[in-house]
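Q: Give me a model of this one.
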Amino acid sequence: MTGTQQAAFQAANGGHSVAEVSTLVGSVFAVLVYIFTAWLVARALSAFYRGNATERDLLWVGLRSSALIAIALWWVHT
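A: Residues are numbered from 1 along each chain as shown. Reported below is the predicted structural model:
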């Protein structure tokens, strides 16, 4: 962004910089991913306890949840 664009952005957003807003959006995204993966794991465990899922299903849910969290953390970090 040019200096003029950054100044306009800060004026429109109560003095917050582009980096601060980007960090906020990334953090909200990461929290939503954490909540979603916790829900996935809870559902998988519930299905496992009822006998509707196997250990292999739990493993796949855990691996996919870990991958989602890793991608979210990478995205927030960059």
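Q: lowest-pLDDT helix or strand in the chain?
A: Least confident helix or strand of the chain, by mean pLDDT, DSSP states H and E, is helix 3-12 with a mean of 82.
Q: List the buried residues in the next helix or strand after that helix.
A: Note on helix 3-12: by DSSP states H and E, the next helix or strand toward the C-terminus is helix 18-50. By neighbour count with 16 or more other Cβ atoms under 10 Å, helix 18-50 contains the buried residues 26, 30, 33, 37, 44. Backbone N, C-alpha and C define where each C-beta goes, glycine included.
Q: Contact partners for the third one?
A: It refers to Val33. By Cβ atoms under 8 Å, 6 or more residues apart in numbering, the contact list for Val33 reads 68-69, 72.
Q: And it, how close does it get to Thr54?
A: 25 Å (Cβ to Cβ, to the nearest Å).
Q: same deal with the second one?
A: Distance, Ala30 to Thr54, by Cβ to Cβ: 30 Å.
Q: Pick out the residue nearest the middle of the chain.
A: Ala30 (2.5 Å; Cα atoms, centre = their mean).
Q: doesn't Trp74 make contact with it?
A: No: using Cβ atoms under 8 Å, Ala30 is not in contact with Trp74; the gap is 10.2 Å.
Q: What is the neighbour count of Val61?
A: 20 (other Cβ atoms under 10 Å).
Q: Report pLDDT for the nearest residue to it once chain neighbours are set aside.
A: Ranked by Cβ to Cβ, 6 or more residues apart in numbering and with sequence neighbours excluded, the top spatial neighbour of Val61 is Ala44, at 4.1 Å. According to the prediction, Ala44 has pLDDT 95.
Q: Might you report the residue contacts of Ala44?
A: Residues in contact with Ala44 (Cβ under 8 Å, 6+ apart) are 53, 57-58, 61-62.
Q: If you rank the residues you listed by neighbours, which is first?
A: Neighbour max across these (other Cβ under 10 Å) = Val61, 20 neighbours.
Q: Secondary structure element holding it?
A: helix 55-77.
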